[in-house]
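Asks: structural data only, the sequence is not supplied:
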């Protein structure tokens, strides 16, 4: 029989009735055997971490990309700001996300590689950090951190769930600090535990009802319900992990609560403070996954080295080869490189056991735009540091037919201890990138 000609005589169960009529249901516990083997193994592996940064106005290409490939390349003007860390990073040319177009909307796809973000009806896919958080996020107090600078809230983020929902960015360093390092009062802890318990009880009931419903539906609906049930079970596990962390004291750090910059003009100060928050989180293993959206499009004239630019960041990026605008852009871009250099240096001096923290931390810095002046989304400026890879090289790919950047994402997932052979539009792991 043709499946499309099948007519069910069973009563239709509305979703509203299903949720309202769950009652008290005892769901199956989350068994250790249900957890993938690689997730169990990740508990005994040395911690590895990831910071992914997207500057959505990119960098002036001719100042960023080196001319020669290989390990003996001459540093470009911008990379000269990172000269003391030359052997700690790899620079890529000729990489992009296949079919990710649309100019500025592509920033939301920097870690998802979902195609055609500017098209009508576009729906995003899961981001690299959230894919990893679903597998190793339970190992730390905070599964992942989603940070932002001058972000257009509700419109932009680097972090997206498996259902394509945006995860809002946290923009106040002081609030990030409190979340990571300040313990709540006993009353606050109890209140948070009650919220988590309520959420878990709802998940238990919904899961139980979904399981019983599977017996009364057709094969296609049974498959959908199985996927739904798997998702609910995963949420139950995460809620249980969160409840356990509530009773554990937060780490004590030798740092004061940062003062939040008041003006969006203080863009560079905000970037520096967010790097500090990521570093502190890594040093104390509070989280292993951090994203940072630098919303330069949404930034006004900004302060750089004590002086203000004469125009908004976005307007400067449309320089039309104006010497005045290009000079200010170069000043901004160099400051970005200097801040990265400071972060690299701090991670090199911090140690975890016998290893430098930089060797356990992958840092991805790049943009969704290859050239903000023309809105192209090919030939993306990408710099990748740390993580225990063999660096000190310029990997040059075809600038006409770009190499898929998601291949780097697969290499990053594997370095995190996650068994993954594909992510988004990847075709394998990153060619030329080897483990040290």
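Replies: Looks like it came in fine. If you're wondering where the values come from, they're calculated on a predicted model, not measured in any experiment.

Asks: quick one: residue 249 from residue 282, how far?
Replies: 19 Å (C-beta to C-beta, to the nearest Å). Using the backbone N, CA and C atoms, a C-beta is placed for each residue, glycine as well.

Asks: of these two, who's got more company?
Replies: residue 282 (24 against 6; other C-beta atoms under 10 Å).

Asks: find the nearest non-adjacent residue to that one, please.
Replies: In space, and not counting its chain neighbours, residue 282 is closest to residue 49: 5.1 Å by C-beta to C-beta, 6 or more residues apart in numbering.

Asks: repeat that for residue 302.
Replies: residue 267 (4.1 Å).

Asks: re earlier: I'd assumed residue 279 was in contact with the residue nearest to residue 282.
Replies: No - using C-beta atoms under 8 Å, residue 49 makes no contact with residue 279, being 10.3 Å away.

Asks: okay, the two: which has more neighbours?
Replies: The neighbour count for residue 49 versus residue 279, taken as other C-beta under 10 Å, is higher for residue 49 (24 against 20).

Asks: quick one: that one and residue 311, what's the gap?
Replies: Counting by C-beta to C-beta, the gap from residue 49 to residue 311 is 37 Å.

Asks: any idea how far the residue nearest to residue 302 is from residue 82?
Replies: Using C-beta to C-beta, residue 267 is found at 20 Å from residue 82.

Asks: again, but for residue 328
Replies: From residue 328 across to residue 82, the span is 21 Å (C-beta to C-beta).

Asks: ditto for residue 434
Replies: 21 Å.

Asks: equivalent analysis for residue 104, please.
Replies: Counting by C-beta to C-beta - residue 104 and residue 82 are separated by 27 Å.

Asks: one step back: higher neighbour count, residue 434 and residue 82?
Replies: More crowded of residue 434 and residue 82, by other C-beta under 10 Å: residue 82, with 20 against 10.

Asks: surely that one and residue 344 touch.
Replies: Yes - look at residue 82 against residue 344 with C-beta under 8 Å: they come within range, at 7.2 Å.

Asks: any shared contact partners between those two?
Replies: residue 89 (C-beta atoms under 8 Å, 6 or more residues apart in numbering).

Asks: residue boundaries of the strands in the protein?
Replies: In the chain, the strands defined using DSSP state E lie at 49-55, 89-93, 95-96, 145-149, 289-294, 303-304, 307-308, 351-352, 355-356, 361-366, 382-386, 393-396, 403-404.

Asks: between the ones you listed, which one is closest to residue 372.
Replies: strand 49-55 (9.5 Å; C-beta to C-beta).

Asks: for the stretch 51-200 of the chain, which residues score under the pLDDT cut-off?
Replies: For the stretch 51-200 of the chain, the stretches with pLDDT under 70 are 183-200.

Asks: and the contacts of stretch 298-310?
Replies: 149-152, 156, 264-269, 311-314, 316, 324, 328, 331-332, 335.

Asks: what of stretch 148-155?
Replies: So stretch 148-155 is contacted by 156-157, 166, 168-171, 264, 267, 270-271, 274, 292-299 (C-beta under 8 Å, 6+ apart).

Asks: please list only the buried members of those residues.
Replies: By neighbour count, with 16 or more other C-beta atoms under 10 Å, those hold 156-157, 166, 169-171, 264, 267, 270-271, 274, 292-299 as buried.

Asks: in the stretch 101-250 of the chain, which spans are helices?
Replies: In the stretch 101-250 of the chain, the helices defined using DSSP state H, counting those that start in this stretch lie at 128-136, 173-181, 186-213, 219-246.

Asks: okay, buried residues for the first one please.
Replies: It stands for helix 128-136. In helix 128-136, counting by 16+ other C-beta under 10 Å, buried: 128, 129, 130, 131, 132, 133, 134, 135, 136.

Asks: got a list of contacts for that helix?
Replies: 36, 38-39, 42, 50, 52, 111-112, 143-144, 146, 158-162, 167, 234, 288-291, 409, 412-413, 416-418, 420, 423.

Asks: give me the buried entries from those.
Replies: Judged by 16+ other C-beta under 10 Å, buried ones among the contacts of helix 128-136: 38-39, 42, 50, 52, 111-112, 143-144, 146, 158-160, 167, 234, 288-291, 409, 412-413, 416-418, 420, 423.
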